[in-house]
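Engineer: Model the following, please.
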Amino acid sequence: MAKVSAGTGNPNGVRIVVAGEKGTGKSSLIITAAAESFPTNIPHVLPPTRLPEDFFPDRVPITIIDTSSRSEDSGKVAEELKRADAVVLTYACDRPETLAQLSIFWLPYLRKLEVKVPVIVVGCKLDLRDETLPVTLEEVMSPIMQQFREIETCIECSAFKHIQIPEVFYYAQKAVLHPTTPLFDQETQTLKPRCVRALKRIFIYCDHDKDGALSDAELNDFQVKCFNAPLQPSEIVGVKRVVQEKLPEGVNDRGLTLTGFLFLHALFIEKGRLETTWTVLRKFGYNNDIKLADHLIPSSFKRAPDQSVELTNEAIEFLKGIFDTFDSDGDGVLRPRELEELFSTAPESPWSGPPFEDTAERNAFGGLPLDAFLSEWALMTLLDPACSVENLIYIGYTGDATSAIRVTRKRRQDRKKQQSDRNVFQCFVFGPRKAGKSGLLNSFLARPYAESYISTIEDRYAVNVVELPGGPKKTLVLREIPEDGVGKLLSNKESLAPCDIAVFVHDSSDESSWKRAAELLVEVAGHGEDTGFEVPCLIIAAKDDLDSFPMAIQESTRISQDMGVEAPIPISTKLGDFNNVFRRIVTAAEHPHLSIPETEAGRSRKQYHRLINNSLMVISVGAAVAVVGLAAYRFYAARKNTSS
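Structural biologist: Take a look at the predicted model:
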């Protein structure tokens with residue numbers, strides 16, 4: 001695929017593969033472009049042909065690959081197409097059936113191969129076309145281009161008459177270096193949303209005085225940054241005149257508005273000057289997907305499996321400021337419209353899909369209070385630190401990316417210190433179906449009790465701030481694990497490493513629910529003992545508003561005492577009686593050396609190791625006594641010999 005340097009969009013070389021029906025002029029097209037003369041003797045398939053770097057203004061070398069039309073070579077043709085940066089599909093202007101083959105075979109074939117690169121359709125042998133046919137190229141190609149959006153452009157040429165030969169490969173190279181598809185919707189003739197968002201971010205960045213318009217000085221700074229050349233005063237006047245004539249609101253008394261800035265770029269693209277917009281985007285770090293290039297964002301944060309990632313105080317203060325800026329009505333809540341505006345300079349809202357969608361507390365109008373807003377960021381940082389840092393940059397964070405996040409201590413170190421240094425705790429919620437796991441998560445987000453039961457199929461998250469006695473706030477992430485997902489989770493050795501605490505929910509009125517929850521507790525505790533990632537555990541007896549099953553207290557007391565964990569915490573989401581359960585979860589997580597269950601197997605293993613260690617100690621003491629005895633004997637013998 002394309003050898004594109006992330007962020008710059010400038011490849012080390014563009015690989016163009018030419019394909020099409022037999023006799024359509026593929027080889028003649030290539031030779032004429034390279035040698036600037038029409039060939040007389042043409043081999044069946046040309047070797048790779050390289051055009052020099054200075055062939056086109058972008059000074060990027062082009063390698064052109066010819067392909068065979070023989071059926072026995074179809075496998076090799078497919079491999080070449082998969083390696084292409086752009087594909088040139090040829091037809092013969094004097095043979096309409098070869099044009100039909102493009103939509104019948106070649107274009108569907110590219111889709112089948114999943115070749116997702118620009119396609120240039122080229123009509124060769126223009127000099128042989130029947131001029132009596134009144135059909136134009138646009139009339140012929142318009143239906144095909146409507147059906148196959150991957151077609152970047154169409155052109156007709158003649159190798160024999162040297163008509164538009166260099167243009168074929170110029171358009172192919174341009175389609176790779178400056179693609180239309182990410183920027184512009186040909187059908188609606190408008191900039192694509194992601195392009196608009198990127199240009200809006202660039203506009204805001206260049207609007208130094210934040211007055212909503214680019215002054216002449218700001219426009220000149222922008223021009224120098226992107227194109228290394230200043231604008232003359234007459235040029236600035238000319239640019240603003242063009243905008244104002246077409247779009248009066250594009251210019252005001254302070255300068256070029258965002259509307260005018262976007263209009264200018266749409267105009268450049270419509271006139272085929274895509275390189276102008278791409279130069280701007282790449283100067284500000286965007287790649288061909290209109291996202292920040294990888295090298296601008298830390299892609300990995302070195303950490304042990306039992307370390308987590310959190311936002312720093314610097315990043316949190318920045319987010320508080322952003323919250324206040326976009327809370328336009330000052331009600332302490334970001335309404336959906338305000339939140340959309342906040343993320344309008346990101347490629348899209350990062351919270352619009354799983355796992356972040358619908359994970360924080362919202363008011364009746366769907367608004368996010370500040371704690372919920374910061375909780376969402378904490379969750380994103382915990383699960384996907386790179387995504388969090390990337391979106392901080394999109395919304396205006398200008399500090400060093402590494403100053404936005406911190407890696408916590410290993411939990412094993414926390415256990416030795418008997419105190420965690422974390423501000424964000426992740427709690428795995430286990431339990432059988434209908435135990436009340438979802439009810440626990442919903443109540444954590446202050447959602448009303450629901451009588452109806454909806455089974456949770458995938459892992460689900462809920463995040464909120466928990467205020468502890470004395471005033472400190474911690475962020476708690478609840479991750480609901482469906483009963484069917486426990487086996488898959490525990491098949492991974494490090495699955496409990498990110499877990500700060502596990503809770504086991506059961507329906508206190510159902511004995512089978514309790515037994516299954518107890519089994520899950522043993523499974524999880526055993527996995528922790530086997531892998532070294534033991535976690536504190538709590539048992540939650542849900543649906544306390546119902547009558548407990550017989551022997552409930554006796555059974556739960558026996559299990560909790562046997563395993564060394566706290567007695568079950570009774571709650572009722574229906575009655576709103578939560579028994580400070582969320583504070584208790586955070587408190588247990590803060591002290592990772594406590595509340596760790598011990599299975600029979602784990603206890604036996606400890607006794608065995610203790611026995612082995614005691615035996616080794618006895619052997620060591622015996623050996624030491626023997627050594628001391630031998631030394632004493634030698635000393636006695638030496639003295640005896642001396643006295644003799």
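
Engineer: Counting neighbours, what do you get for the closest residue to residue 290 other than its chain neighbours?
Structural biologist: Counting by C-beta to C-beta, 6 or more residues apart in numbering, residue 194 is the residue found nearest to residue 290 once chain neighbours are left out, at 4.4 Å. Every C-beta, even on glycine, is put in place using the N, C-alpha and C of the backbone. Neighbours of residue 194 under the rule other C-beta atoms under 10 Å: 17.

Engineer: Surely residue 194 is in a helix?
Structural biologist: Yes - counting by DSSP: H, G, I helix; E, B strand; the rest coil, residue 194 is part of a helix.

Engineer: dump the residue contacts of it.
Structural biologist: 182, 290-291, 347-348 (C-beta atoms under 8 Å, 6 or more residues apart in numbering).

Engineer: Can you show me the helices along the stretch 451-600 of the chain?
Structural biologist: 486-490, 511-531, 552-563, 581-590, 600-643 (DSSP state H, counting those that start in this stretch).

Engineer: Distance of the residue nearest to residue 290 relative to residue 184?
Structural biologist: 11 Å (C-beta to C-beta, to the nearest Å).

Engineer: circling back: go through the helices of the stretch 451-600 of the chain and find the least confident stretch.
Structural biologist: Among the helices of the stretch 451-600 of the chain, helix 600-643 carries the lowest mean pLDDT, at a mean of 59.

Engineer: quick one on the thing from earlier: give the PyMOL command for selecting the buried subset of the contacts of residue 194.
Structural biologist: Burial among the contacts of residue 194 is assessed by 16 or more other C-beta atoms under 10 Å; the matching PyMOL selection reads:
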select buried, resi 182+290+291+347
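
Engineer: Now residue 401. Nearest residue, chain neighbours left out?
Structural biologist: According to C-beta to C-beta, 6+ apart, the nearest residue to residue 401 is residue 389 (5.0 Å).

Engineer: pLDDT of the one helix or strand that neighbour maps to, averaged?
Structural biologist: Assigned by DSSP states H and E, residue 389 belongs to helix 385-394. Helix 385-394 carries an average pLDDT of 95.

Engineer: For the helix or strand just after that helix, give me every contacting residue.
Structural biologist: Per DSSP H and E, the first helix or strand lying C-terminal to helix 385-394 is strand 405-407. Strand 405-407 has contacts (C-beta under 8 Å, 6+ apart) with 301-303, 307-312, 315, 381, 385, 388-389.

Engineer: Number of residues surrounding residue 531?
Structural biologist: With neighbours defined by other C-beta under 10 Å, the count for residue 531 comes to 16.

Engineer: pLDDT-wise, which helix or strand of the chain ranks last?
Structural biologist: helix 600-643 (a mean of 59; mean pLDDT, DSSP states H and E).

Engineer: start to end distance for stretch 90-102?
Structural biologist: 8 Å (C-alpha to C-alpha, to the nearest Å).

Engineer: quick one: low-confidence parts of the protein?
Structural biologist: Within the chain, the set of residues satisfying pLDDT under 70 comprises 1-11, 133-135, 605-644.

Engineer: where do the strands sit along the stretch 1-150 of the chain?
Structural biologist: 14-20, 49-51, 62-65, 86-92, 119-124 (DSSP state E, counting those that start in this stretch).

Engineer: now the second one, how far from the chain's geometric center?
Structural biologist: What separates the centre of strand 49-51 from the centre of its chain is 38 Å, taken as C-alpha atoms, centre = their mean, to the nearest Å.

Engineer: Tell me which residues of that strand come out buried.
Structural biologist: Buried residues in strand 49-51 (16+ other C-beta under 10 Å): 49, 51.

Engineer: so what strands line up beside it?
Structural biologist: strand 62-65 (antiparallel) (DSSP bridges).

Engineer: Quick check: buried residues in the strand it pairs with?
Structural biologist: In strand 62-65, counting by 16+ other C-beta under 10 Å, buried: 62, 64-65.

Engineer: Looking at those, which is nearest residue 535?
Structural biologist: The closest of the buried residues of strand 62-65 to residue 535 turns out to be residue 65 (C-beta to C-beta; 56.1 Å).

Engineer: Compute the distance between the residue nearest to that closest one when sequence neighbours are not counted and residue 561, please.
Structural biologist: Leaving out its chain neighbours, the residue that sits closest to residue 65 by C-beta to C-beta, 6+ apart is residue 17, at 4.5 Å. Relative to residue 561, residue 17 is positioned 72 Å away (C-beta to C-beta).
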